[in-house]
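K.L.:
I would like to see how this sequence folds:
(chains A and B)
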Protein chains: 2
Amino acid sequence: MNPHLYAVILAGGSGTRFWPLSRSLYPKQLLRIIGEETLIQQTMRRVLRCVSPTRVLISTTPLQADSIRYQLGEWKDELRDNFIVEPEGRNTAPAIALAATELVRRDPEAVMLVLPADHVIKGNRRFQTSVSLSVDLAKQGRLVTFGVPPVRPETGYGYIQPNRRIRLGTRSGLVGYPVARFVEKPDVRTAGRYLKSGNYYWNSGIFVWRAATILSEIERYQPVLARAMHKIGRLGEGMTVSGAFAQWYRRVPSVSIDNGVMERSARAAVIPVDFLWSDVGNWSSLEEVARRNEAGNVVSGNVVDMDSHDSILYADRRLVATIGLSDMVVVDTQDATLVCPKSRAQDVKKIVEVLKKREAPEQLEHRTVFRPWGSYTVLEEGPGYKVKRVTVNPKGRLSLQLHHQRSEHWVVIAGTARVTCGRRRFNLQVGQSTGIPRNTPHRLENPGSDPLHIIEVQDGPYLGEDDIVRLQDDYGRRVEGKKQVRK
Amino acid sequence: MNPHLYAVILAGGSGTRFWPLSRSLYPKQLLRIIGEETLIQQTMRRVLRCVSPTRVLISTTPLQADSIRYQLGEWKDELRDNFIVEPEGRNTAPAIALAATELVRRDPEAVMLVLPADHVIKGNRRFQTSVSLSVDLAKQGRLVTFGVPPVRPETGYGYIQPNRRIRLGTRSGLVGYPVARFVEKPDVRTAGRYLKSGNYYWNSGIFVWRAATILSEIERYQPVLARAMHKIGRLGEGMTVSGAFAQWYRRVPSVSIDNGVMERSARAAVIPVDFLWSDVGNWSSLEEVARRNEAGNVVSGNVVDMDSHDSILYADRRLVATIGLSDMVVVDTQDATLVCPKSRAQDVKKIVEVLKKREAPEQLEHRTVFRPWGSYTVLEEGPGYKVKRVTVNPKGRLSLQLHHQRSEHWVVIAGTARVTCGRRRFNLQVGQSTGIPRNTPHRLENPGSDPLHIIEVQDGPYLGEDDIVRLQDDYGRRVEGKKQVRK
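P.N.:
Reported below is the predicted structural model:
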């Protein structure tokens, strides 16, 4: 396509409305909500119709970077230098400013396709056509948004009215217009009028512009943000999360690109698109995009149902049995279950707030946690012990580390383990085991080409993940006695 | 109380209507449905108001005997010789005949209080008074049933009409009458009429009679059963489940005591009782007996609710979040979850039938399985491996055993383990571990006075519980090369 086109995937969202499938540390973009791949994997594949993987930037936060790297492992090498890790989420304008700054550095002519990692789009060809047209408009100096024809009087979205008297460009039946006006979250009557009029579009949050254009518009409408960006640029640290960068970033105003720039700019344009789009904002919105069976149910996983209809029934490996439900949501995960009527799906975030107040682990993360070297699943925790299944990817290895408070026992259940324990190094095959005393430097490594699985039994008075002293790490994580560098 | 009174607790039921809390191998009587104790524990405590523990017989089947012994461990010594283990469940008449035969052998004057293990009764004093009166009637040669005043036009129960013209006895306001007639499961109009009339009582399934009386009535009305009992009696094997006993028992007619004897006998009597009784036949019937909160919900376990009312919300340690439910049943266990409207609670058994056809493990037993020496919980199973937490009671020990197909690794997480592995014997403390190669005789033992907990990791091509060769066992379980003797 265009040799100056880049994609920026915004993958910093936290999103609690898909709890218990989503967690604070495991947001919607990481979920396999619909289809075989997760939303961020689907988004990646979508943008690869327009750009090569080396031209995709991932904008995210430290808490999610590992999980995203894991899910996008197929493009590990191409994406190596393309993670823009914000020290913390500050809404879309700072994230976009950061990405635009980096892109201008790489290519002064860069055109950015900006899109959230957690939307569902069906009709990838028409998406591609829309991007082509938007690039034409971007080269004219336009800030282009994709406008989605509304299908219901939604009050939670922004609406865009095009100025149809001016056609900025056209491709395969698609037309780009200047924006006549933006309307943020109208009331239900106004939304109904917009829906009827056929002249308003939902703001999809997908944008295309020249990196230089958006930076100059940010300069004009968000001077505080622009100054902070200049300062950060002068730190000359690239995309690493150093102390100074984090300090500056914390002072950046938290503002959305819509509110902060688009609604004010004279350059805004809209392309009414014709692909199916959904931001799958909560469980009940799944129905817009997921396959329903004859009874109108969206069913996933190990569900045994009798006589239910128009319900969303999500299980994983555990068994969920349902009888005679109508318009209900049932979502089951390894450690938590949600049951509510579809009409209450938007209140799931209130449950998550309650859980946060209680510091319930079930809002924070799943029993399975992804790391750059693989993943682990907590099978059970009890007084003085914890049992995990640990998976190490081929050629992956954990940091060289030690624990002050716990000893560990490892039993290999699949693959080959290379173990460092004190001064000894040895291999363990399936069915072999070893013990790691406390205060002993140790490392687990997968020398093979198949995944390594072990069962780890920990015992000790304190078993928190933070009882870890890293002595060496392949993934740029904090190592004892060295400056923290995060890749 | 009466020096000849004995209690017989019928604990052979299978009961699938409380799935997923109940399982085929873990029926309702073993559940902590209401209160701190399980139903059979509550039943045991109830009869101990009337008899000493050495006078309580437990009638059950081989599949449940271990779990019941475990739950009634408080009276382990007193109950040692009081388990009547039917080779298989054959309805109530054979179980009662077996118990009566044994009681007559022990005490020709024996009076039996027969009661199911899985009913809920509130008002233990009035229960005790009812038993006192029933013993008076039993000594007159009566077959006494406890009649419960109906509170709804239930069509699933049998009804009893007393002959109020004859008073057989009276105590503290209670009166015993001859039975005028039994009506089995009337239609809803008839049930409504009975309810209104005030002259019909639910058949509670609780009976009192002299053992000799019920045997002679069985002789009269169930001659085939009586003959089989004589044959079994002549085997002279007491209560052990030998091959010949099992063979005879299999030929015994499967008939209920109500249908087979009570409805035919001229000796039937009824005492209208005034304690609260429920057979808690399914999840929705819990409301009759369990405490409801202000919103009318019956809540148990780790539930976070918002705005639900009149619902039954049962969790265990896993988190269950509910929003805006009305008249729903949500039951969550370690490996399975049920969601249905209260009005469909009786269809839970259909779900269990579906699961049985699929041979789903979730209908058969829980992840936690009780054994005479303690219990184990399956934490995870996967291809080629299984992880268990094993608990051994103080001074308990597993059989000396070996496995052909799997090796095992044990890590002690609490207590002290005495391990036999081949010719070696040694102790392991918390944090120590050992490996058991396949085909190696081994034994796990708790020499201490606190429970022993270990994590066991198994690996091998086949990990079924039946890959076990027992070489010695403390609990009378089948041992290789010896005749099977079940205690």
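K.L.:
which residues are contacting the helix or strand of chain A with the lowest mean pLDDT?
P.N.:
Least confident helix or strand, chain A: helix A:243-251 with a mean of 80, by mean pLDDT, DSSP states H and E. Contacts of helix A:243-251 with the rest of the structure, by C-beta atoms under 8 Å, 6 or more residues apart in numbering or on different chains, involve A:86-88, A:90, A:94, A:228, A:231-232, A:235, A:237. Where C-beta positions appear, they are placed from N, C-alpha and C, glycine not excepted.
K.L.:
and after that helix, which helix or strand comes next?
P.N.:
As assigned by DSSP states H and E, the chain's next helix or strand after helix A:243-251 is helix A:257.
K.L.:
contacts only, for residue A:194.
P.N.:
A:150, A:153, A:159, A:183, A:186, A:200.
K.L.:
quick one: pLDDT of it?
P.N.:
Looking at residue A:194, its pLDDT is 95.
K.L.:
over to residue A:30?
P.N.:
At residue A:30, pLDDT is 92.
K.L.:
now swap in residue A:45 and tell me
P.N.:
Per-residue confidence at residue A:45 stands at 96 (pLDDT).
K.L.:
count of neighbours near the residue nearest to residue A:417 when sequence neighbours are not counted?
P.N.:
Computed as C-beta to C-beta, 6 or more residues apart in numbering or on different chains, the closest residue to residue A:417 that is not its neighbour in sequence is residue A:428, at 4.4 Å. Residue A:428 has 19 neighbours, counted by other C-beta atoms under 10 Å in any protein chain shown.
K.L.:
ok, back up a step: keep only the contacts of residue A:194 that also lie close to chain B.
P.N.:
Filtering those for proximity to chain B by C-beta under 8 Å from any C-beta of the partner chain leaves nothing.
K.L.:
circling back: looking at the contacts of helix A:243-251, which one is closest to chain B?
P.N.:
Nearest to chain B, judged by C-beta to the nearest C-beta, of the contacts of helix A:243-251 is residue A:88 at 27.5 Å.
K.L.:
angles on the backbone of the closest one, please.
P.N.:
Taking degrees, to the nearest 10, you get phi -160, psi 160 for the backbone angles of residue A:88.
K.L.:
can you put the contacts of residue A:194 in CSV and add pLDDT and secondary structure?
P.N.:
Listed next are those as CSV, based on pLDDT from 0 to 100; DSSP: H, G, I helix; E, B strand; the rest coil:
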residue, pLDDT, secondary structure
A:150, 95, coil
A:153, 91, coil
A:159, 97, strand
A:183, 93, strand
A:186, 93, coil
A:200, 97, coil
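K.L.:
farthest-apart pair in those, please.
P.N.:
Farthest pair in the contacts of residue A:194 (C-beta to C-beta) is A:153 and A:183. Separation: 12.7 Å.
K.L.:
helices of the stretch 351-487 of chain A, start to end?
P.N.:
A:361-364 (DSSP state H, counting those that start in this stretch).
K.L.:
before we move on, the earlier item: you'd agree the residue nearest to residue A:417 is up against residue A:419?
P.N.:
Yes - using C-beta atoms under 8 Å, residue A:428 is in contact with residue A:419, at 5.9 Å.
K.L.:
find residues that contact each of the two.
P.N.:
Common neighbours of residue A:428 and residue A:419 are listed as A:410, A:434 (criterion: C-beta under 8 Å, 6+ apart).
K.L.:
neighbours of residue A:327, how many?
P.N.:
Other residues lying near residue A:327 total 14 when counted by other C-beta under 10 Å.
K.L.:
next, count neighbours for residue A:164.
P.N.:
By other C-beta under 10 Å, the residues close to residue A:164 number 12.
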